[in-house]
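J.: Using only what follows, build the 3D model:
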Amino acid sequence: MMSEEHSTAPHGADRQAKFWTPLFLAWLLALLATAGALFLGEVMGMTPCVLCWYQRIAMFPLVLVLGIGLFASDASSVRYALPLAGVGWGVAAYHLLVFWDLVSEGLVPCGKGSSCADVDVQVAGAVPIPLLSLTAFTGILVALWVARRRTRA
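T.: Numbers count the residues shown, from 1 in each chain. I've put the predicted structure just below:
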């Protein structure tokens, strides 16, 4: 018969397991979004617009921050990932408004290079890239929120 000491996980390990799954999901979403952005730019030859670059600036470091947090089982990585994901979400939402022509022409930051509202900012001719980005950032924020809640419980 096993003693009670060996049959249950320590409280710290239980808490670690609870935040690890949503943190992994956030990392996976960031990794897929980064791979997708690199594929569109480097393989498909789609030149990113100014707002796409800002979203990349927020997304690419998330792969490293969350990956290191997973490797070290460090829940504090959520603290560093949340601002990046929040800023990326804001830029993606604004970009989507620009794409749908809901923002005045004077407020559009695009200058030289690709247009932020161009038809070329779509995948398969139907899905706007800013919508994909907004979806990825939303999923990451939800996963980070769940991870944060589980570390406090």
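J.: Show me where the protein has its strands.
T.: In the chain, the strands defined using DSSP state E lie at 122-123, 127-128.
J.: hey, least reliable of these by pLDDT?
T.: Lowest mean pLDDT within the strands of the chain: strand 122-123, a mean of 68.
J.: Could you count how many residues lie near the nearest residue to A58 once chain neighbours are set aside?
T.: Leaving aside its sequence neighbours, A58 sits nearest to G88 (Cβ to Cβ, 6 or more residues apart in numbering; 3.1 Å). All C-beta spots, glycine's among them, are computed from the backbone N, C-alpha and C. When neighbours are defined as other Cβ atoms under 10 Å, G88 has 27 of them.
J.: ok, G88 touching Q55?
T.: Yes. Using Cβ atoms under 8 Å, G88 is in contact with Q55, at 5.4 Å.
J.: which residues do these two both contact?
T.: Common neighbours of G88 and Q55, counting by Cβ atoms under 8 Å, 6 or more residues apart in numbering, are S133, F137.
J.: which residues touch the residue nearest in space to the middle of the chain?
T.: Centroid check for the chain by Cα atoms, centre = their mean gives F137 as the closest residue, at 3.9 Å. Neighbour list for F137: Q55, A58, M59, A85, G88, W89, A92 [criterion: Cβ under 8 Å, 6+ apart].
J.: Quick check, the third one in contact with L31.
T.: When you say that, I think you mean M59. No. Checked against Cβ under 8 Å, the pair M59 and L31 is beyond contact range at 9.7 Å.
J.: Between the two, tell me which one has more neighbours.
T.: Neighbours per residue (other Cβ under 10 Å) separate M59 from L31, with M59 holding more: 25 against 15.
J.: May I ask you to confirm that F19 is in contact with W145?
T.: No. If you go by Cβ under 8 Å, F19 and W145 don't touch, sitting 11.3 Å apart.
J.: quick one: contacts for the residue nearest to A58?
T.: G88 makes contacts with Y54, Q55, A58, M59, L62, S133, F137, as judged by Cβ under 8 Å, 6+ apart.
J.: same thing but 6 Å
T.: Q55, A58, M59, F137 (Cβ atoms under 6 Å, 6 or more residues apart in numbering).
J.: out of these, which one sits closest to L25?
T.: F137 (13.4 Å; Cβ to Cβ).
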